[in-house]
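[1] sequence and predicted structure, then a few things I'm wondering about:
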Amino acid sequence: LASKRIGPRTLRGPAPKAKDDEEGQGPTGMNKLWFEVERDVRYYDGMKTELTGCSLPNPSTPLIYFEAYFYPDWPDGVTLDLKESDENNDKVWRDLEKEYNMRGLV
C-alpha cells in the first residue's frame, strides 16, 4: 500500500474531537494511557473497499470500511538481546515429547 497520508493516530484510531459544548469540562491535565498517545503515522483509508471473490450471485457489491496504520519501526540502533531461555527451547520440547510418549498417548 503506497499510501502517502500521514496524520495523528493513537493505537485506537483517530483521536476523538473535542466538542464546543464540552470544552472546559472534565479534569485538566489528565494523563493519557500508553495506547492513547497520538503519533504522526502513515495510514491507509480503506473507505468503501469492495470485497471480491464470492461466487454467489449478489445484486450489490459488499463493502468494508477500515483504516490501516503503519507505525514507524524502531531506530536502527535498537537491538534485542537473546534470552538464555531461547537456547533451551529445544530441551523443553524434547522433555515434553518424552513425557507424552511415556504416558502411552501415541
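    That came through fine.

[2] ok now the longest helix along the chain, how far from the chain's centre?
    Counting residues, the longest helix found in the chain (DSSP state H) is helix 89-102. Mean C-alpha position of helix 89-102 versus that of the full chain (C-alpha atoms, centre = their mean, to the nearest Å) differs by 33 Å.

[3] may I see the buried residues of it?
    Using 16 or more other C-beta atoms under 10 Å as the burial criterion, none of the residues of helix 89-102 qualify. Placement of C-beta: from N, CA and C, glycine included.

[4] got the CA coordinates for it in PDB?
    Presented in PDB, the C-alpha positions along helix 89-102 are these (Å, rounded to 0.1, in the frame of the first residue of the first chain):
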ATOM      1  CA  ASN A  89      13.500 -24.200  23.900                       C
ATOM      2  CA  ASP A  90      14.500 -27.400  22.200                       C
ATOM      3  CA  LYS A  91      15.200 -29.100  25.500                       C
ATOM      4  CA  VAL A  92      11.700 -28.100  26.800                       C
ATOM      5  CA  TRP A  93      10.000 -29.600  23.800                       C
ATOM      6  CA  ARG A  94      12.100 -32.800  23.900                       C
ATOM      7  CA  ASP A  95      11.200 -33.200  27.600                       C
ATOM      8  CA  LEU A  96       7.500 -32.800  26.800                       C
ATOM      9  CA  GLU A  97       7.800 -35.300  24.000                       C
ATOM     10  CA  LYS A  98       9.400 -37.900  26.300                       C
ATOM     11  CA  GLU A  99       6.600 -37.300  28.900                       C
ATOM     12  CA  TYR A 100       3.900 -37.600  26.300                       C
ATOM     13  CA  ASN A 101       5.400 -40.900  24.900                       C
ATOM     14  CA  MET A 102       5.800 -42.400  28.500                       C
END
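
[5] that'll do, ta.
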